[in-house]
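# let's see this in three dimensions:
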Amino acid sequence: MNGISLTCFTFGLLACNLITWTCLIILYLVNRNAYKNSRAIPLSKKYQITENIRTVWVLIVFVVITAIRNTINITILLVYGFYLRPKNLWYETIILDHVMHLTIAIYVLLYPLPLIFSHKDLKKIFKENILKIKNEDVIHVNTVGSNVLGDQIIMNFDGDGYFRDLEHQWEVARGQQRQLRPNWLTTTTSNRVGNSNEAY
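Modelled structure (predicted):
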């Protein structure tokens, strides 16, 4: 690999990393805004938005690890292309080649672990199925929690606020079902109820 090819490869890799970071930031901002405005939407959509944010965080961890690996490999290639090769330092080149392959092997071996431990559900599955660690049957009640965005939430023991939100979302869902219900079905149902009352 000559100097021109090495330079093109380096800038191409940096451009791919920049595009990936831009896409992830946009995805996170869109889902964060949707989550903050999710009070009036059904629980299923709110759950989907929550999973989207968690998945974006997993991808961010993956991109950070990949960026570190790419930085190491680019540094090795630059040292080889602009220092070792012009001076024909073959022994040092062999050592550097082994170092590069070692970093790739470590990356492939270890990169699933941060992905697993950055996602709550994946972490639980890993502990139960791989490490064989079962959750203890002990309930810890915390008055301060956090949502998927990391914001602190003061939780009430009586759960009134939680059930009020559920009731509100239930009413919203019922309203949407009424709007989607055909007029002929509503008329037929009303006629049946009227005929039943006349029979009595």
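# which stretches of the chain form helices?
3-36, 43-79, 90-110, 112-117, 120-129, 160-180, 183-199 (DSSP state H).
# just the buried positions in the fifth one, please.
When you say that, I think you mean helix 120-129. residue 126 (16 or more other Cβ atoms under 10 Å). Backbone N, C-alpha and C define where each C-beta goes, glycine included.
# that helix vs helix 43-79, what angle?
80 degrees (axes from the mean of the first three to the mean of the last three Cα atoms, to 10 degrees).
# turn the helices of the chain into a markdown table, including mean pLDDT.
Shown next, in a markdown table, are the helices of the chain (pLDDT from 0 to 100):
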| stretch | mean pLDDT |
| --- | --- |
| helix 3-36 | 83 |
| helix 43-79 | 84 |
| helix 90-110 | 86 |
| helix 112-117 | 79 |
| helix 120-129 | 82 |
| helix 160-180 | 65 |
| helix 183-199 | 50 |
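# what's the burial count for residue 11?
10 (other Cβ atoms under 10 Å).
# quick one: it and residue 74, what's the gap?
The gap separating residue 11 from residue 74 is 10 Å, by Cβ to Cβ, to the nearest Å.
# quick one, what contacts residue 76?
96, 99, 100, 103 (Cβ atoms under 8 Å, 6 or more residues apart in numbering).
# against residue 86, how distant is the third one?
Relative to residue 86, residue 100 is positioned 19 Å away (Cβ to Cβ).
# swap in residue 31?
In terms of Cβ to Cβ, residue 31 sits 49 Å off from residue 86.
# how about residue 27?
Note on residue 27: its distance to residue 86, by Cβ to Cβ, is 43 Å.
# neighbour-wise, which of these two wins?
Shown here are residue 27 and residue 86; by other Cβ under 10 Å, residue 27 has more neighbours (16 against 10).
# can you pull the contacts of the nearest residue to the more buried one once chain neighbours are set aside?
Counting by Cβ to Cβ, 6 or more residues apart in numbering, the nearest residue to residue 27 once its immediate chain neighbours are dropped is residue 56, at 5.2 Å. When the contact criterion is Cβ under 8 Å, 6+ apart, the partners of residue 56 are 24, 27, 28, 31.
# same deal with residue 10?
74, 77, 78.
# let me know the closest of these to residue 5.
Closest to residue 5 out of the contacts of residue 10 is residue 77 (10.0 Å), distances taken as Cβ to Cβ.
# ok, the closest one touching residue 6?
Yes: using Cβ atoms under 8 Å, residue 77 makes contact with residue 6 at a distance of 5.9 Å.
# quick one: contacts for residue 118?
Residue 118 neighbours (Cβ under 8 Å, 6+ apart): 57, 58, 61.
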